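Novice: predicted coordinates and the sequence they were generated for:
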Amino acid sequence: MSRITDFYRISPPAPGREMDDDARSKYYRRLRLQAFVAATLGYSLYYVCRTSLNVMKKPILDSGSLDASQLGVIGSALLFAYAVGKFVNGFIADYCNIKRFMATGLIVSAAANALMGLLGLAHSVVPTAVIFAAFAVMWGLNGWAQSMGAPPAIISLSRWYPLRERGTYYGFFSASHNLGEFFSFLFVGSIVTFAGWQAGFFGSALAGAIGVVIVLCWLHDTPESKGLPPVEALAHEKPAPGADKSVREIQKQVLRTPAVWVLAAASAFMYISRYAINGWGVLFLQEAKGFSDVEAISVVSINALLGILGTVLSGWFSDKLFKGDRKIPALLFGILNSVALALFLYGGNAMWVNVLSMVLFGIAIGVLICFLGGLMAVDIVPRKATGAALGVVGIASYIAAGIQDVASGWLIDSHITVATDGAKHYDFGPVALFWIAASVISFLLPLMNRKQKTEA
């Protein structure tokens with residue numbers, strides 16, 4: 001046990017390098033860029049391993065292997081495991097070697113996807129109940145492994161980037177969510193279309209393996225582990241209040257901060273609307289609007305692609321235009337999120353309307369993932385407790401997302417009518433109201449924190 005603990009322990013400082021100030025600055029900037037690229041690409045490939053099931057729901061339903069309620073339970077297994085894991089691993093990651101920690105999670109996630117592909121190949125000879133139970137267990141394991149991705153990736157930004165640039169780079173990093181979803185819809189979706197849903201799991205496992213290599217090659221633990229001073233010294237920052245406290249003390253302080261919990265609740269409701277579209281949007285377009293598999297996947301994938309624009313710009317314009325204050329842009333894009341969701345659900349069958357709704361939804365949700373999903377909480381806690389703040393937000397967000405998956409699956413199944421010819425007709429009205437209400441609550445809650453100031 002001690003060997004495992006030692007393996008994952010944060011790296012000790014390396015001997016200082018003999019170099020002048022200019023050489024040290026270039027060395028530091030090169031290493032932090034590598035860390036940023038590794039965290040962003042690595043986490044985007046984490047996302048491929050997480051969202052692969054979303055593009056397979058229709059083929060799995062058509063194969064008769066599982067029904068919508070079972071898929072909802074399987075999806076929620078990942079989200080509930082992820083919720084608890086993100087809380088636990090967020091606190092643990094503050095103490096860890098982030099390279100080893102992040103790579104381990106992605107190895108397990110890729111393996112879980114590959115095993116589900118193998119299970120899928122046997123679906124014709126294995127009872128449905130066995131397939132359902134095995135998928136739920138493996139997808140739950142994948143959820144825990146997935147929770148080892150975001151904390152070390154974002155901690156790397158805190159360890160390598162000064163406060164004045166943190167919002168900008170956090171925004172760029174947050175594009176990894178949307179980039180990963182886009183890769184999943186495009187790459188895994190293409191594999192599923194041409195080779196079947198079982199092959200989709202193998203494709204996502206391959207993407208995860210590529211991510212492991214990127215993380216191991218480019219992600220660096222701390223500046224001190226590379227013979228550099230800490231980022232506070234490199235950026236000439238003033239010591240933050242309470243900087244001399246231990247990590248444990250600061251983490252306890254985070255748990256006692258009401259503003260962090262308010263943001264966690266806001267993020268939770270935002271994640272209901274986010275995962276509603278990511279998890280059920282393709283099925284909605286196929287069954288409610290008559291879109292083909294390719295059309296439905298293509299339309300929903302637009303929100304993932306446009307989300308990149310939202311996240312990339314969010315941190316930059318909040319740093320530059322609002323001097324690091326995220327409250328006003330969070331409100332504006334929260335309203336846009338609700339408008340876009342309503343347009344998608346009630347705007348009719350015209351292709352241009354659905355495309356427009358996903359453009360607006362993608363931009364809005366991209367900004368909100370950045371702000372409500374982490375940055376606003378990170379802003380109000382000391383740097384040493386970055387992982388703890390993310391853990392609090394993460395457990396609330398993904399418990400809500402898991403509840404959404406179960407509730408949405410039940411609401412969809414409960415409002416299916418079967419015609420005399422055996423054709424199924426879906427009524428998405430009740431579940432649509434559930435999704436809209438959550439999106440509205442998500443932009444109202446942060447107003448409670450309007451007087452909260454940035455901590456460090």
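Specialist: Happy to help now that I have it. Numbering: from 1, shown residues only.
Novice: so who does the spatially closest residue to L45 that is not a sequence neighbour touch?
Specialist: If the residues on either side of it in the chain are set aside, L45 comes closest to G211, at 3.1 Å by CB to CB, 6 or more residues apart in numbering. To be clear about C-beta, it is placed using only N, CA and C from the backbone, and glycine gets the same treatment. Applying CB atoms under 8 Å, 6 or more residues apart in numbering, we find G211 in contact with 41-42, 44-46, 48, 106, 110.
Novice: try 6 Å this time
Specialist: By CB atoms under 6 Å, 6 or more residues apart in numbering, the contact list for G211 reads 42, 45, 106.
Novice: for stretch 101-121, give the mean pLDDT please.
Specialist: Summarised as a single mean, pLDDT over stretch 101-121 is 94.
Novice: that one: how far from the chain's middle?
Specialist: Using CA atoms, centre = their mean, to the nearest Å, the mean C-alpha position of stretch 101-121 is found 17 Å from that of the whole chain.
Novice: tell me which residues in that stretch are buried?
Specialist: Of the residues in stretch 101-121, those buried under the neighbour-count criterion (16 or more other CB atoms under 10 Å) are 101-117, 119-120.
Novice: A helix includes M148, no?
Specialist: No. Assignment of M148 by DSSP: H, G, I helix; E, B strand; the rest coil gives coil, placing it outside any helix.
Novice: element containing the residue lying closest to it once chain neighbours are set aside?
Specialist: Take M148 and drop its neighbours on the chain: the residue closest to it by CB to CB, 6+ apart is G105, 2.7 Å away. With elements delineated by DSSP states H and E, G105 resides in helix 98-121, which encompasses its position.
Novice: just the residues contacting that helix, thanks.
Specialist: Residues outside helix 98-121 that contact it (CB under 6 Å, 6+ apart) are 8, 46, 49, 93, 134, 138, 141-142, 145-146, 148-149, 152, 155-156, 198, 201-202, 204-205, 208-209, 211-212, 215-216, 219, 221.
Novice: pull out the buried residues from those residues.
Specialist: Among these, the ones that count as buried by 16+ other CB under 10 Å are 46, 49, 93, 134, 138, 141-142, 145-146, 148-149, 152, 155-156, 198, 201-202, 204-205, 208-209, 211-212, 215, 219, 221.
Novice: what's downstream of the helix or strand where R248 lies, the next helix or strand?
Specialist: In this structure, R248 sits in helix 247-255 according to DSSP H and E. Tracing the chain past helix 247-255, the next element assigned as helix or strand by DSSP H and E is helix 258-288.
Novice: list the buried residues of the helix or strand following that following helix.
Specialist: Read in the C-terminal direction, the helix or strand following helix 258-288 is helix 293-320, with elements assigned using DSSP H and E. In terms of neighbour count (16+ other CB under 10 Å), helix 293-320 has its buried residues at 293, 295-316, 318-319.
Novice: tilt between helix 293-320 and helix 258-288?
Specialist: Using axes from the mean of the first three to the mean of the last three CA atoms, to 10 degrees, one finds that helix 293-320 and helix 258-288 are set 160 degrees apart in direction.
Novice: can you give me how far helix 293-320 is from the chain middle?
Specialist: The answer for helix 293-320 is 13 Å, by CA atoms, centre = their mean.
Novice: show me what secondary structure element comes after that helix.
Specialist: Taking DSSP H and E as the definition, the helix or strand that follows helix 293-320 towards the C-terminus is helix 327-346.
Novice: kindly provide the distance from the residue nearest to M148 to W144.
Specialist: 8 Å (CB to CB, to the nearest Å).
Novice: same deal with K26?
Specialist: According to CB to CB, K26 stands 40 Å off from W144.
Novice: which of those two has more residues huddled nearby?
Specialist: A side-by-side neighbour count of K26 and W144, using other CB atoms under 10 Å, places W144 first with 21 against 11.
Novice: which secondary structure elements does the helix or strand the more buried one falls within contact?
Specialist: With the criterion set as DSSP H and E, the secondary-structure element containing W144 is helix 128-146. Judged by 3 or more CB pairs under 6 Å, 6 or more residues apart in numbering; DSSP states H and E, the packing partners of helix 128-146 are helix 68-93, helix 98-121.
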